[in-house]
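**Student:** take a look and give me a structure for this.
(one chain, ligands or ions: 2)
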Amino acid sequence: MIGGCSELPTCTRSEILMGTVVTLKATGSDSQAAVNESFRRIAELEQNIFADVSAIESAAGNGDFVKISADVYKILETAQKYSVLTDGAFDVTIGAAVELWGIGSENQRVPSDDELAAVKNFVGFEHLHLRDGEAQLDLRGVKLNVGGIAKGYGIDIARKIFAAHGIRDGLIDFGTSTIFAVGRKKIGIKNPRASNELVGVIELENCALSTSGDYEKFFVADGRRYHHIIDPKTCAPAVSENFSVSVVVDGDVENCATVADILSTAVFVAGSERAEKFLPAGAEIILPKKVRPAA
Ligand code: ADP
Ligand code: MG
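**Tutor:** Ligands and ions are numbered 1, 2, ... in the order given. Have a look, this model is predicted:
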């Protein structure tokens with residue numbers, strides 16, 4: 001076609017996967033295939049996570065290494081790298097503490113000091129070992145929780161499939177808290193305490209955005225807000241100077257959405273000042289107004 005306009009087909013679809021609403025939007029001649037293949041791979045990832053995490057936890061403490069899928073291996077390997085880098089602010093062995101608080105579940109409650117002291121023995125990335133596609137937990141009772149990284153990894157899967165299908169315009173959205181903009185997109189960042197207000201609008205071009213906050217899952221008891229981002233050092237909800245933290249990571253960074261997902265959680269725990277020391281090239285922190293509204 002010379003001098004004409006080509007109307008490329010757009011495909012948009014949402015599915016509930018990985019505990020959130022996943023919306024994929026692609027524009028391009030191959031958009032339908034890109035979206036279909038992405039959903040198939042994300043569903044497969046979700047199943048692999050469930051199976052592999054169960055297998056690793058069942059074998060915990062018995063000395064065995066468990067063969068796991070390549071995707072879950074990559075997730076755990078990346079998690080371990082950032083646990084070291086963030087001095088333990090991000091830690092996928094947080095599972096036992098997440099279960100104890102039960103935030104967002106019907107069992108949510110403030111644990112006793114004794115329970116908190118006890119659970120600390122079962123949290124620590126030094127218990128997770130990886131080698132040649134296999135994983136091991138060296139202590140029975142240590143639990144894995146990939147809730148702070150898996151959505152980002154799912155986005156990276158879809159992002160690569162979009163690229164292979166030549167998609168240059170689209171949006172990969174996992175529940176609005178983790179997003180990749182294919183091409184240039186304006187994204188509104190919601191005010192976490194007032195869902196119909198925007199904290200701001202940012203323009204993204206081929207980069208990932210992840211937001212972590214104390215508003216997604218929480219309960220209030222005795223005037224205190226207990227939320228779902230746990231400080232591995234205390235095994236209690238992290239005390240943060242901000243109610244939410246967003247991190248943007250450039251698309252040139254390997255697995256940029258996985259890194260953004262990790263970092264928004266890690267920066268929320270560590271605080272933005274400490275985070276400046278571990279922020280990799282291509283990553284930027286975006287803080288909402290520093291005011292902390294009442295619980
Ligand atoms: P969201 O899931 O709302 O996008 P995050 O990406 O910040 O938010 O992930 C929070 C989830 O990560 C928690 O619900 C829990 O499953 C897990 N998690 C909590 N604290 C930590 C931590 N310190 N390190 C790693 N994962 C964590
Ligand atoms: Mg995260």
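**Student:** report the mean per-residue pLDDT for the longest helix belonging to the chain.
**Tutor:** As assigned by DSSP state H, the longest helix anywhere in the chain is helix 31-58. On average, the pLDDT along helix 31-58 is 98.
**Student:** that one: how far from the chain's middle?
**Tutor:** Helix 31-58 has its average C-alpha position 15 Å from the chain's average C-alpha position, going by C-alpha atoms, centre = their mean, to the nearest Å.
**Student:** what packs against it?
**Tutor:** Under the contact definition 3 or more C-beta pairs under 8 Å, 6 or more residues apart in numbering; DSSP states H and E, helix 31-58 sits against strand 10-17, strand 20-27, strand 66-67, helix 70-85, strand 134-137, helix 150-164, strand 169-174. No exception for glycine: its C-beta is placed from N, CA and C like everyone else's.
**Student:** ligand 1 contacts on the protein?
**Tutor:** 90-92, 94, 98, 145, 147-148, 177-178, 212, 216, 228-230, 232, 261, 264-265, 269 (C-beta under 6 Å from any ligand atom).
**Student:** so which of the residues you listed are in helices?
**Tutor:** Per DSSP H, the subset of the residues of the chain next to ligand 1 in helices is 98, 261, 264, 265, 269.
**Student:** hmm, back to that, next, the angle from the longest helix of the chain to helix 70-85.
**Tutor:** Here the directions of helix 31-58 and helix 70-85 differ by 70 degrees (axes from the mean of the first three to the mean of the last three C-alpha atoms, to 10 degrees).
**Student:** buried set for helix 31-58?
**Tutor:** 31, 33-35, 37-39, 41-42, 45-46, 48-49, 52-53, 56-57 (16 or more other C-beta atoms under 10 Å).
**Student:** ok, residue 74 - contacts?
**Tutor:** 153, 255 (C-beta atoms under 8 Å, 6 or more residues apart in numbering).
**Student:** wait, residue 136
**Tutor:** 56, 59, 60, 63, 64, 65, 66, 128, 129, 130 are the contacts of residue 136 under C-beta under 8 Å, 6+ apart.
**Student:** circling back: any idea which of the helices and strands packed on helix 31-58 gets closest to ligand 2?
**Tutor:** helix 150-164 (6.5 Å; C-beta to the ion).
**Student:** narrow the residues of the chain next to ligand 1 to those in strands?
**Tutor:** Of the residues of the chain next to ligand 1, the ones assigned to strands by DSSP state E are 178, 212, 230.
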